[in-house]
Structure formats: structure tokens, C-alpha cells
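Engineer: okay, sequence plus prediction incoming.
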Amino acid sequence: MAGNFRHLRIGVLAFQGDVREHIHVLEGLGAQVVKVRRPEELGTVDALVIPGGESSVMDKLVRMFGMQQPLRDAIAAGMPVFGTCAGLIMMSDNIVDAIAEQESLGGLHVDVRRNAFGTQIDSFEVQLDMPGVTKDPVPATFIRAPIVERVGEGVRVISALPDGRIVAVEQGNLLGISFHPEVNGDSRVHEYFLGRVAQYVTEKKASI
Ligand SMILES: NC(=O)CC[C@H](N)C(=O)O
């Protein structure tokens, strides 16, 4: 394992979705992990993971628990956030096919399309190049996955499928990925994120 992440306190937004899988990978990398459902819990973490699941349900729960504004504030304040699949949808400024009343948190300047590969049968796994994130390709599992249809200012495309569809982006401290790096027993994408968080925490301390 490359970094030492013991000093990092990582929140996983724990309303819905594959919370447990993310916790497993993050703890395996040595980070302290807490489930986040309340503003007080969000206030204790260095960074946040928004898991995969169902974005419309997650959105409802986020609003019901009074977490929409605190999460928007945290993103605006520069907190590193890593969203996978539904998590990417939650971070996006615009959901082109949002279901009625569905809102996102926004912050990540992209347009995203939900279920872009069709329905459940269109779950698949590929080996994906992620230059700048990992040296070798990562196994990427797509489950009713979204794609990024437009990237705005300051957004870097990290990975695209061979046909050009964008499946991973980064904008400052925000990392959004269409697939599920937490389900393959491969922790390299999380390790990359924790490396970014470590850098952020060091810079934040230096500026105080
Ligand atoms: N695996 C996933 O997170 C699927 C995302 C789901 N299709 C949504 O719209 O939220």
C-alpha cells in the first residue's frame, strides 16, 4: 500500500446504497471511517464518499434528514468528495433525465444521464484505463450506470469507454465515477482518492 491514511477521517453518506462495500475498502486502506447521516457527523470528517444506489431515493432521504444544504455547503467549502454511480449523479450540477422532483446536490459542473446503458441487463464489467489515477487498467463494474454527457469549466475527464463515453471526471476536490470500484476487491481508485484527501488535509493545516 502506498500511503499512510491512518490520520484521515472519511465519511460515507449512509442513507442508502452500497455503504458497507465502501467502508470495507476504506478501512482496508487504513483510514478511519464513519457513517454520515447528520450535519454533526459531516462536520467531523475530512472527506466524504457518496456511494452507489438509487439517486432519486438518496436525494429524498438527504432532503428528509435536512442534509441537502449542509452537503452543498461542504462541497462549496472544498471538502473532497468521491461519488460512485448514484453518488456521481448526486454531485452533478444537472441530471438530464431526472425523475419528477429529483434534485442533485450539484457542485460538479457536468450534465449526467442516469441509466445510460439501459436497464439491469446492461450491467457489465470492463478493464478501464484511468491515466493519472492508476498505472494499469482497473476492473470497472457498471450497474445501471450513468454517463457524463457534458463537462463544464474546470472538469477533467479521467476516463472514457473506447466509444468515447465519459465515465470518470475530476474537478478540484471532486471525483465522480460512473462505475463501482468498491465491488471488485481492487482498492486503487480509493487509494488515489485518499492520496488527494491527504494532500488537502496537509494544505489545510499549513494554511491555518
Ligand atoms: N448502481 C447505481 O448506483 C445505479 C444508479 C441509479 N441508476 C440511479 O439513477 O441512481
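Structural biologist: Here it is on my side, so go on. No experiment lies behind these values; they were computed from the predicted model shown.
Engineer: could you list the contact residues of this protein toward the ligand?
Structural biologist: G52, G53, E54, S55, C85, A86, I89, R114, N115, I143, R144 (Cβ under 6 Å from any ligand atom). Quick note: C-beta positions are derived from backbone N, CA and C, even for glycine.
Engineer: give me the buried subset of those residues.
Structural biologist: Among the residues of the chain next to the ligand, those buried by neighbour count (16 or more other Cβ atoms under 10 Å) are G52, G53, S55, C85, A86, I89, R114, I143, R144.
Engineer: N115 is in contact with the third one, correct?
Structural biologist: No: contact status for S55 versus N115: not in contact, 10.0 Å apart, counting by Cβ atoms under 8 Å.
Engineer: can you redo the residues of the chain next to the ligand as CSV with secondary structure and distance to G30?
Structural biologist: What follows is the residues of the chain next to the ligand, written out as CSV (DSSP: H, G, I helix; E, B strand; the rest coil; distance: Cβ to Cβ, whole Å):
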residue, secondary structure, distance to G30
G52, coil, 23
G53, coil, 25
E54, coil, 30
S55, helix, 30
C85, coil, 24
A86, helix, 26
I89, helix, 29
R114, coil, 34
N115, coil, 35
I143, coil, 27
R144, coil, 31
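Engineer: just the closest of these to D122, please.
Structural biologist: Relative to D122, the closest of the residues of the chain next to the ligand is R144; by Cβ to Cβ it sits at 7.1 Å.
Engineer: nearest spatial neighbour of that closest one, chain-adjacent residues omitted?
Structural biologist: Leaving aside its sequence neighbours, R144 sits nearest to N115 (Cβ to Cβ, 6 or more residues apart in numbering; 5.1 Å).
Engineer: contacting residues for the one you found?
Structural biologist: Contact analysis of N115 by Cβ atoms under 8 Å, 6 or more residues apart in numbering lists D97, R144, A145, P146.
Engineer: count the residues that sit near E191.
Structural biologist: Neighbours of E191 under the rule other Cβ atoms under 10 Å: 22.
Engineer: touching, it and A31? I think so.
Structural biologist: No: applying Cβ under 8 Å as the test, E191 and A31 come out as separate, 10.0 Å apart.
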